[in-house]
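K.L.:
sequence? don't have it. structure:
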């Protein structure tokens with residue numbers, strides 16, 4: 001039986017918990033009190049935000065099945081879903097402002113959106129002045145291969161292209177506080193599977209290997225930021 005989109009997310013969410021924790025750690029110093037998670041899927045980051053003491057969490061998710069599964073999973077009164085499901089819809093700005101959002105968060109989402117500039121623009125305009133925006137996106141266009149196509153990626157980013165996107169989306173009212181490569185070791189595996197082997201599926205051994213090496217990789221990157229990586233991490237501030 002073919003695995004559905006939401007079933008894949010269920011499996012990935014369970015297998016990748018240590019990886020989610022490492023991703024979340026990149027943004028923890030910049031957290032606000034009222035968070036919007038754009039492209040929240042099943043809400044894998046919800047426990048991390050609640051443990052960090054946020055006052056409210058607003059998830060934004062276009063997939064109806066994932067929204068239903070999210071609602072079944074998360075019963076905490078601090079957690080909710082936005083009425084606006086499309087990040088390129090300008091109504092998202094009003095919802096974020098109404099929630100007094102001071103931290104907008106988006107991990108591995110912008111690459112799935114054709115008009116990524118509109119999605120980021122709405123995130124920037126939706127947070128309060130002085131608020132932060134945390135982004136994690138796939139890095140290096142030369143890594144684009146079968147796994148990117150399978151995941152529905154329109155693009156991978158460079159530091160220069162991400163800076164240009166921020167300028168188009170936010171203009172002078174947006175400041176880049178930090179921008180760096182993340183998860184260097186995984187870029188080799190992604191290149192091998194996606195460009196050389198042209199794999200057509202993600203297998204469970206990927207998650208097992210990732211979890212085995214993650215403590216060593218995360219410790220190394222805490223001390224020295226790598227010159228390349230599977231992803232780019234960016235933290236923005238709305239002036």
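P.N.:
Received, thanks. In this text, all values refer to a predicted model and were calculated from it rather than measured experimentally. Residues are numbered from 1 along each chain as shown.
K.L.:
helices along the chain, start to end?
P.N.:
Using DSSP state H, the helices found in the chain span residues 5-15, 17-25, 46-51, 64-73, 91-98, 116-126, 146-151, 159-170, 184-191, 204-223.
K.L.:
check which residues of the fifth one are buried.
P.N.:
Taking 16 or more other C-beta atoms under 10 Å as the basis for neighbour counts, the residues of helix 91-98 that come out buried are 92, 93, 95, 96. No exception for glycine: its C-beta is placed from N, CA and C like everyone else's.
K.L.:
before we move on, back to that, tell me which of the helices of the chain lies nearest to residue 137.
P.N.:
Closest to residue 137 of the helices of the chain is helix 159-170 (C-beta to C-beta; 6.7 Å).
K.L.:
next up, the contacts around the nearest residue to residue 58 once chain neighbours are set aside.
P.N.:
Nearest residue to residue 58 in three dimensions, chain neighbours excluded: residue 36, at 4.6 Å (C-beta to C-beta, 6 or more residues apart in numbering). Contact analysis of residue 36 by C-beta atoms under 8 Å, 6 or more residues apart in numbering lists 57-60, 82, 96, 99, 101, 103-105, 123, 126-127.
K.L.:
which of the residues you listed lies closest to residue 228?
P.N.:
residue 105 (23.8 Å).
K.L.:
what residues does that closest one make contact with?
P.N.:
Counting by C-beta under 8 Å, 6+ apart, residue 105 has contacts 27, 35, 36, 37, 38, 45, 133, 134.
K.L.:
farthest pair in those residues?
P.N.:
Taking C-beta to C-beta, no two of these sit farther apart than 45 and 133, at 14.8 Å.
K.L.:
what's the neighbour count on the closest residue to residue 156 other than its chain neighbours?
P.N.:
Of all residues not flanking residue 156 in the chain, residue 138 sits nearest, at 4.5 Å (C-beta to C-beta, 6+ apart). The number of residues packed near residue 138 is 23, by other C-beta atoms under 10 Å.
K.L.:
ok, the one 10 residues further on next?
P.N.:
Residue 148 has 19 neighbouring residues, counting by other C-beta under 10 Å.
K.L.:
state the distance from it to residue 42.
P.N.:
21 Å (C-beta to C-beta, to the nearest Å).
K.L.:
then residue 31?
P.N.:
20 Å.
K.L.:
can you pull the pLDDT of the residue sitting nearest the centre point of the chain?
P.N.:
The chain has residue 107 as the residue nearest its centroid, 0.2 Å off, counting by C-alpha atoms, centre = their mean. We note a pLDDT of 98 for residue 107 in this prediction.
K.L.:
how near is it to residue 9?
P.N.:
In terms of C-beta to C-beta, residue 107 sits 13 Å off from residue 9.
K.L.:
what about the residue lying closest to residue 86 once chain neighbours are set aside, how many residues nearby?
P.N.:
Residue nearest to residue 86 in three dimensions, not counting chain neighbours: residue 62, with 5.7 Å by C-beta to C-beta, 6+ apart. The tally of other residues near residue 62 (other C-beta under 10 Å) stands at 16.
K.L.:
dump the residue contacts of residue 62.
P.N.:
By C-beta under 8 Å, 6+ apart, the neighbours of residue 62 are 85, 86, 87.
K.L.:
buried subset of the residues you listed?
P.N.:
Here, 16+ other C-beta under 10 Å leaves 86, 87 buried among the contacts of residue 62.
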